[in-house]
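Student: 3D, please:
(chains A and B)
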2 protein chains.
Amino acid sequence: MSYIAMNRFKIRPGRETDFENIWKERESRLNELAGFREFRLLKGPATEEFQLYSSHVIWDSREDFEAWTKSEQFRASHRNAGKREGESPILGHPQFEGFETVLHEA
Amino acid sequence: MSYIAMNRFKIRPGRETDFENIWKERESRLNELAGFREFRLLKGPATEEFQLYSSHVIWDSREDFEAWTKSEQFRASHRNAGKREGESPILGHPQFEGFETVLHEA
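Tutor: Numbers count the residues shown, from 1 in each chain, chains lettered A, B, ... in the order given. Here you go, the predicted structure:
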């Protein structure tokens, strides 16, 4: 039916633009992978401590997602992670959640 | 860019099929609403205490989502909520989160 790989990110207040720019400026190669359908970066609710964001990648199947995590494109996209100077805009670690589609209406 | 209305549901272990059937058997009228794009019911990770599910509705805008919450279709879809006999498959209350799309690749 399709598989959605999500990561939830807690962003320090005031660092929202920095975080969005990391995504906007990255070279996305997701569309080189079999089974890739859609990517979204989403801005959710905020608390006093953080602004919530979520990244969603829709794949044809969990197997396509797992193949991506073992790909050259995955390694390239994570090569510079953690190498930026200064304090990261991200609080703690992203929280990964994978979801299988049970129902779909469009 | 599009707005995603999500609800997170914690389902009692063993009641997954009951919960999925509530969604499968409901009469969805989302496609009668302006700005409706897609609906998904998603099955996520499980713990010892619960199985996580998430419902996603993609709208053209937050305004379209808010118009739906004031519609006859919304009232009709929630008319029987809480009226089912026996113990609910849902632990506690669903957790709502609304997200604005910042980036979209397809």
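
Student: Can you tell me what sits against the helix-or-strand element of chain A with minimal mean pLDDT?
Tutor: Counting by mean pLDDT, DSSP states H and E, chain A has its least confident helix or strand at helix A:72-77, which shows a mean of 88. The contact list for helix A:72-77 (Cβ atoms under 8 Å, 6 or more residues apart in numbering or on different chains) reads A:Arg26, A:Glu27, A:Ser28, A:Arg29, A:Leu30, A:Glu32, A:Leu33, A:Trp68. For every residue, glycine as well, the C-beta is placed using N, CA and C.

Student: what about the last one, distance to chain B?
Tutor: Just to be clear, that refers to A:Trp68. Remark: distance between A:Trp68 and chain B (Cβ to the nearest Cβ, to the nearest Å) = 14 Å.

Student: Same question for the second one.
Tutor: When Cβ to the nearest Cβ is the yardstick, A:Glu27 and chain B sit 12 Å from each other.

Student: SS state for that residue?
Tutor: Taking DSSP: H, G, I helix; E, B strand; the rest coil as the rule, one finds A:Glu27 in the coil state.

Student: Can you report how many residues lie near it?
Tutor: Neighbour count for A:Glu27, taken as other Cβ atoms under 10 Å in any protein chain shown: 7.

Student: Phi first, then psi, for it.
Tutor: phi -90, psi 100 (degrees, to the nearest 10).

Student: before we move on, what about the fifth one?
Tutor: Comment: the main-chain dihedrals of A:Leu30 come out as phi -60, psi -40, following degrees, to the nearest 10.

Student: Kindly report the same for the last one.
Tutor: In this entry, A:Trp68 is assigned phi and psi values of phi -60, psi -40 (degrees, to the nearest 10).

Student: Any idea how many residues pack against it?
Tutor: Using other Cβ under 10 Å, the number of residues around A:Trp68 comes to 21.

Student: And the first one, by the same measure?
Tutor: The burial count assigned to A:Arg26 is 12, neighbours taken as other Cβ under 10 Å.
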